[in-house]
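[1] this is the structure alone, sequence omitted:
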């Protein structure tokens with residue numbers, strides 16, 4: 001009973017103003033009387049207060065503003081909440097945390113970022129552990145298969161909440177669960193976070209292939225090879241008992257590789273159709289996490305004494321960072337897949 005009481009008094013805040021942050025706030029509002037929400041855009045905060053929806057992302061979602069504690073001060077939000085859910089794109093996380101002066105002692109940090117922090121080459125959990133001394137038992141990860149756009153439409157979605165401390169994962173999972181949100185917990189924080197990062201690279205590969213005119217047959221072979229490549233990559237980094245066919249790994253990969261809502265796939269599709277990286281990014285006006293993840297994953301594999309076999313990551317890296325021709329690169333890739 002005491003635990004249940006404590007669980008009910010836990011304050012939760014989401015940090016970020018994008019579509020995934022908006023979706024997470026929507027889920028939490030179903031279960032909590034008050035939800036903290038930090039975003040740096042003052043105009044967006046004002047708009048939410050006046051019009052009950054985020055003007056820039058998932059604007060169909062209507063909020064009960066009485067439940068929202070909105071702020072553009074990251075320190076105010078870090079002081080307020082016990083559980084901090086970071087949903088700031090990894091490319092901006094380092095800069096945003098530069099403003100943080102509030103201690104993260106006794107805070108539980110969950111990453112919903114699905115990216116590698118470019119300045120450090122670390123996944124978000126490792127980043128908080130190494131730079132902010134947050135112990136691993138107070139770090140967690142929120143992963144899919146779950147697209148923010150489908151949460152907005154209240155379509156059935158699945159979330160995996162991972163933490164080495166099962167109780168913390170359970171507490172947050174209960175606060176996210178709802179009629180259209182099914183949650184499960186996992187203790188594989190490193191594996192689920194790397195899977196969330198890698199699937200964005202494979203989604204770019206799927207997009208490039210589609211843009212080049214490859215069909216569904218090739219896409220299925222690409223995805224089949226991608227899950228095996230992911231397994232090799234993660235096993236080399238963190239060996240533990242895990243079933244790579246679980247929703248957090250394979251499910252998340254499939255939705256990102258096949259869905260029309262996948263921004264990484266859309267980004268790859270534009271590259272396959274002949275856009276330059278810069279022009280594709282400008283046109284999308286959204287961050288494709290896989291772009292940064294490709295560079296970081298490539299650095300990780302190149303530092304390994306015995307390099308993991310990662311032909312898909314290598315092909316995407318060659319196109320995005322080495323200026324290689326997508327058509328020729330993917331023609332070579334088809335020879336390496338089975």
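    Received the coordinates, thanks. If you're wondering where the values come from, they're calculated on a predicted model, not measured in any experiment.

[2] for the stretch 151-300 of the chain, just list every one of the helices.
    Applying DSSP state H, counting those that start in this stretch to the stretch 151-300 of the chain gives helices spanning 166-176, 189-212, 216-237, 252-258, 263-272, 277-284, 289-303.

[3] can you say which of these is nearest to residue 328?
    helix 189-212 (10.4 Å; Cβ to Cβ). C-beta here means a position set from N, CA and C on the backbone, and glycine is covered the same way.

[4] and the nearest residue to residue 39 once chain neighbours are set aside, which of the three is it?
    Spatial nearest neighbour of residue 39, excluding adjacent residues (Cβ to Cβ, 6 or more residues apart in numbering): residue 17 at 3.1 Å. Using DSSP: H, G, I helix; E, B strand; the rest coil, the structure places residue 17 in coil.

[5] next, the contact list for residue 17, please.
    39, 40, 41, 44, 54, 56, 57 (Cβ atoms under 8 Å, 6 or more residues apart in numbering).

[6] of the residues you listed, which is the nearest to residue 103?
    residue 40 (20.8 Å).

[7] spatially nearest residue to the most centrally placed residue in the chain (excluding sequence neighbours)?
    By Cα atoms, centre = their mean, the chain has its centre lying nearest to residue 114, at 2.4 Å. The spatial neighbour of residue 114 that comes closest, neighbours along the chain excluded (Cβ to Cβ, 6+ apart), is residue 196 at 4.0 Å.

[8] one more: residue 210?
    Nearest residue to residue 210, sequence neighbours excluded (Cβ to Cβ, 6+ apart): residue 269, at 5.3 Å.

[9] so what's the one you found up against?
    Listed by Cβ under 8 Å, 6+ apart, the contact set of residue 269 reads 207, 208, 210, 211.

[10] let's go with 7 Å and repeat that
    Residues in contact with residue 269, defined by Cβ atoms under 7 Å, 6 or more residues apart in numbering, are 207, 210, 211.

[11] with distance to residue 156 and neighbour count added, can I get those residues in CSV?
    As requested, the contacts of residue 269 are arranged in CSV below (distance: Cβ to Cβ, whole Å; neighbours: other Cβ atoms under 10 Å):
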residue, distance to residue 156, neighbour count
207, 25, 28
210, 26, 22
211, 30, 23
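
[12] format those as a markdown table; extra columns: distance to residue 22 and pLDDT.
    Shown next, in a markdown table, are the contacts of residue 269 (distance: Cβ to Cβ, whole Å; pLDDT from 0 to 100):
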| residue | distance to residue 22 | pLDDT |
| --- | --- | --- |
| 207 | 24 | 96 |
| 210 | 27 | 96 |
| 211 | 28 | 97 |
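
[13] tell me the contacts of the residue nearest to residue 114?
    Counting by Cβ under 7 Å, 6+ apart, residue 196 has contacts 114, 143, 252.

[14] before we move on, the earlier item: nearest to residue 64, out of the helices of the stretch 151-300 of the chain?
    Nearest to residue 64 among the helices of the stretch 151-300 of the chain is helix 166-176; the distance by Cβ to Cβ comes to 16.3 Å.

[15] tell me the angle that closest one makes with helix 189-212.
    For helix 166-176 against helix 189-212, the angle by axes from the mean of the first three to the mean of the last three Cα atoms, to 10 degrees is 50 degrees.

[16] got the contact list for stretch 209-218?
    219, 222, 268, 269, 270, 271, 272, 273, 326, 327, 330.

[17] report the separation between the third one and residue 262.
    Right, the one you point to is residue 268. Distance, residue 268 to residue 262, using Cβ to Cβ, to the nearest Å: 9 Å.

[18] quickly list what's touching both of those two.
    With Cβ under 7 Å, 6+ apart as the test, residue 268 and residue 262 both reach residue 203.

[19] what about the two, which has more around it?
    residue 268 (33 against 24; other Cβ atoms under 10 Å).
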